[in-house]
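*Asks:* Fold the following for me, if possible:
(2 chains)
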Amino acid sequence: MNAPGDADLAIRAHGLTKRFGTLVAVDHVDLAVPRRNVYGFLGPNGSGKSTTIRMLCGLLTPSEGEIDVLGLSVPAQAEQLRTRIGYMTQKFSLFEDLTVRENLEFLADVQTLPRARAKRRIDELVEQYHFADRQRQLAGTMSGGQKQRLALACAVINEPELLFLDEPTSAVDPESRRDFWEKLFELADAGTTLLVSTHYMDEAERCHRIAILDRGVLVADGTPDELTGELAGRTLLVAAADPRRAQRALVGVDGVLSVAQIGNSLRVLIADGRGDARQRVADALARAGQKADIEETAPNLEDVFVSATHDGEQERAA
Amino acid sequence: MNLRRLWAVVLKELRQMRRDRITLAMIVGIPVMQLVLFGYAINLNLRGLAAGIADQANTAGSRAVVMDMLATGVVAPVAEARTPDELVAMLRRGEISVGIAVPPDFEQRKAQGREAVQVMVDGSDTSVQGAAAQLAQMALDASTRAREAPPASTPPPAPIGVVAFYNPERRSAVNIVPGLIGVILTMTMVLFTGVSIVRERERGNMELLIATPLSRTELMVGKVLPFIAIGLVQTTVILALGIWLFTVPVRGSLLDVYFAAGLLILANLTLGLMISTKAQSQFQAMQMTFFVFLPSILLSGFMFPFAGMPKVVQWLAEVMPLTHFLRLIRGIMLRGAGLAEMWIDVVALLAFTAVMMSAAILRFHKRLD
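*Replies:* Residues are numbered from 1 along each chain as shown, chains lettered A, B, ... in the order given. Alright, predicted model coming up:
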């Protein structure tokens, strides 16, 4: 995917910073989110994902930086943005003591959809999101997956151009997650831009583009292929007889960023694919008396994440 | 302000209220409970004290004195005794609170102007003592006037009950019920809106609400409107029960009563909103509500006479909506006054509402920080 031009951007942020007292939650983040994309925000808890999303929707005032969302300056023009975006909060924020339909009606009213259209839209969403037999059920009595679906239905009631989703699947079982992502791609196909934060790698891999946040800093940004491509030759699969001992032997070896056990083998991320790091891995294993097969394997987003956050750590240490 | 969005908030509040049993119970339960408690149990003028009578004279005159005393309703005869000693014993055993003893030489003592009747009182309860002392005074005056016409050179001291002009039977309910409308509205209305904003925040709904086009004025007004109706329902419950159970009079216009109640409801709801924008949790909102409620009850003139309070406290009381409402409602219900005659209190309540509503709206931001 090519770098998008300005006109095709749904969100543009420059130098976005948020300080809470002395804590810097988001530190000079630059973002460019193309339209009609599913854009992933990947990062561990506390990395500043939610804070960034809240600033982009105009719910938090940035300490520094400029934000342009759908051509509007945020937070100054945030109110004009409200009818054009949807926001699905991390914690379920619909009214648990209202029924499915009442929640939808409330949001349709608040978005001032014309009455006839509101009714049509609600019927449509009830159908699409499988609530036909649950319209009169109280939202608070539904399962995690159902609540997520309802929250999404409510967030898109105004057919937003841009949809923010803050860890939408964190309280949902795998099957519901899959269904949920199907819905997200349907929305993207229909022309909606989606910004999704997650800490699941498999979800990040599904996005058109991702940004990796680590302790408030944007450490990587690109398509999943671009990001994994940069790591070509740096991921090794080590098959050893005693993976636990082999892992101990490799920890601390110069040039080894991480060693993770996957079943009976080890996944090793090295700092440089062309250099002699691979040789040092082999040497370290030999010294420990471990007979092991070493082969290159295709990098995945987890490797990207480890590599990106590791680089950040080194920078901070320096 | 968009009416569609305003309606959305009102409808949401009503729907949530309908499912909230405790709130529903509060709407009717509190007025009924309070009214019954204050109306029946808390009676500032004692009536029906258990009395024992020992009429040793048993003349036409002595029987008349005893009948006069019973006719006040303050005492109710429960026992007859032959001697004052028997009365003392009954008093000690707690069978009676008041003993009325008429000595055998009653007529002679009366003629000589000596103490003719003795009222023995259970002094361990000061309010009983007070009531009985009054009783003794009244009884003697009455008998003196009846028997010694033309009256003696000094006119008999007037009964203390000057207040009795609008409440001749000195029934507490007549004074208390109109005030109770105000007390109940103060308690429930402030509480309803006091928890309303902070509840949305606690349950996580606030982040959703502020991310929508809903304006803060729409949200605030939408939260107040449904409770105006609730407040008027409560007013109706108290009025109906007051009239039915305690035959409290409504001497002025019923419309004025509702108008005054509406003013107090608005003032309290906006005060509650203000509290809700300040409180961090529903519990804190409750604490603040009681912080407001107690001085209101004590200083507004509901419990203690306003005129008796020090000037500084009176100024403080002038800030409280309940003070103004009490003047209005007592004026309308008991004295038959019109709202126009008491315009200054109407203006005070309106001003309070305007200040609180503006402050609540200004304090509320559609931001998380």
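
*Asks:* quick one, strands of chain A?
*Replies:* Along chain A, counting by DSSP state E, strands occupy A:9-20, A:23-34, A:38-42, A:64-69, A:72-74, A:85-88, A:162-166, A:193-198, A:209-214, A:217-222, A:235-240, A:256-262, A:265-270, A:292-296.

*Asks:* now the third one: mean pLDDT?
*Replies:* If I follow you right, that is strand A:38-42. Average pLDDT, strand A:38-42: 94.

*Asks:* So which residues on chain B come close to chain A?
*Replies:* B:2, B:4-5, B:7-8, B:11-12, B:15-16, B:19-20, B:203-208, B:210-215, B:366-369 (C-beta under 8 Å from any C-beta of the partner chain). Heads up, the C-betas are built off the backbone N, CA and C, glycines and all.

*Asks:* Can you tell me which of the residues you listed are buried?
*Replies:* B:4-5, B:8, B:11-12, B:15-16, B:203, B:205-208, B:210-215, B:366, B:368 (16 or more other C-beta atoms under 10 Å in any protein chain shown).

*Asks:* Which of those fall in helices?
*Replies:* Under the assignment DSSP state H, those contribute B:4-5, B:8, B:11-12, B:15-16, B:203, B:205-208, B:210 to helices.

*Asks:* Mean pLDDT per helix and strand in chain A: which one sits at the bottom?
*Replies:* helix A:301-317 (a mean of 74; mean pLDDT, DSSP states H and E).

*Asks:* for the residue of chain B found nearest chain A, what are its contacts?
*Replies:* For chain B, the residue closest to chain A is B:Ala8, as judged by C-beta to the nearest C-beta, at 3.3 Å. Taking C-beta atoms under 8 Å, 6 or more residues apart in numbering or on different chains, we find B:Ala8 in contact with A:Glu105, A:Phe106, A:Asp109, A:Val110, B:Leu214, B:Gly222.

*Asks:* I'd say the first one and A:Ala118 touch.
*Replies:* Yes. In this structure, A:Glu105 is within contact of A:Ala118 by C-beta atoms under 8 Å, at 7.4 Å.

*Asks:* measure stretch A:76-86 end to end?
*Replies:* Here the two ends of stretch A:76-86 are set 18 Å apart, with distance taken as C-alpha to C-alpha, to the nearest Å.

*Asks:* and it, what's its mean pLDDT?
*Replies:* Stretch A:76-86 shows a mean pLDDT of 93.

*Asks:* ok, now how distant is B:Ile230 from B:Thr289?
*Replies:* 16 Å (C-beta to C-beta, to the nearest Å).

*Asks:* The residue of chain B closest to chain A - nearest residue in space that isn't next to it in sequence?
*Replies:* A:Asp109 (3.3 Å; C-beta to C-beta, 6 or more residues apart in numbering or on different chains).

*Asks:* Kindly reformat the ones in helices among the buried ones among the residues of chain B next to chain A as JSON lines and extend each row with pLDDT.
*Replies:* Formatted as JSON lines, those follow (pLDDT from 0 to 100):
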{"residue": "B:Arg4", "pLDDT": "94"}
{"residue": "B:Arg5", "pLDDT": "96"}
{"residue": "B:Ala8", "pLDDT": "96"}
{"residue": "B:Leu11", "pLDDT": "96"}
{"residue": "B:Lys12", "pLDDT": "96"}
{"residue": "B:Arg15", "pLDDT": "95"}
{"residue": "B:Gln16", "pLDDT": "93"}
{"residue": "B:Arg203", "pLDDT": "92"}
{"residue": "B:Asn205", "pLDDT": "94"}
{"residue": "B:Met206", "pLDDT": "92"}
{"residue": "B:Glu207", "pLDDT": "92"}
{"residue": "B:Leu208", "pLDDT": "93"}
{"residue": "B:Ile210", "pLDDT": "92"}
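
*Asks:* hmm, which two among these are most spread apart?
*Replies:* The span of those, defined through C-beta to C-beta, is set by B:Arg4 and B:Arg203 at 24.0 Å.

*Asks:* residues touching the closest residue to A:Thr297 other than its chain neighbours, list them.
*Replies:* The shortest distance from A:Thr297 to any non-neighbouring residue, by C-beta to C-beta, 6+ apart, is to A:Leu237 (4.4 Å). By C-beta under 8 Å, 6+ apart, A:Leu237 lies in contact with A:Ser265, A:Leu266, A:Arg267, A:Val268, A:Ile294, A:Glu295, A:Glu296, A:Thr297.

*Asks:* my guess is A:Arg280 contacts A:Val253, does it?
*Replies:* Yes. Using C-beta under 8 Å, A:Arg280 makes contact with A:Val253 at a distance of 5.7 Å.

*Asks:* picking that back up, mark which of the contacts of B:Ala8 are part of helices, please.
*Replies:* Using DSSP H, the contacts of B:Ala8 in helices are A:Glu105, A:Phe106, A:Asp109, A:Val110, B:Gly222.

*Asks:* for those residues, which one is nearest A:Ala139?
*Replies:* Closest to A:Ala139, out of all of the ones in helices among the contacts of B:Ala8 and judged by C-beta to C-beta, is A:Phe106, at 10.7 Å.

*Asks:* on that earlier part again, just give me the closest of the contacts of B:Ala8 to A:Arg12.
*Replies:* Looking at the contacts of B:Ala8 and their distance to A:Arg12, the nearest is B:Leu214, at 26.8 Å (C-beta to C-beta).
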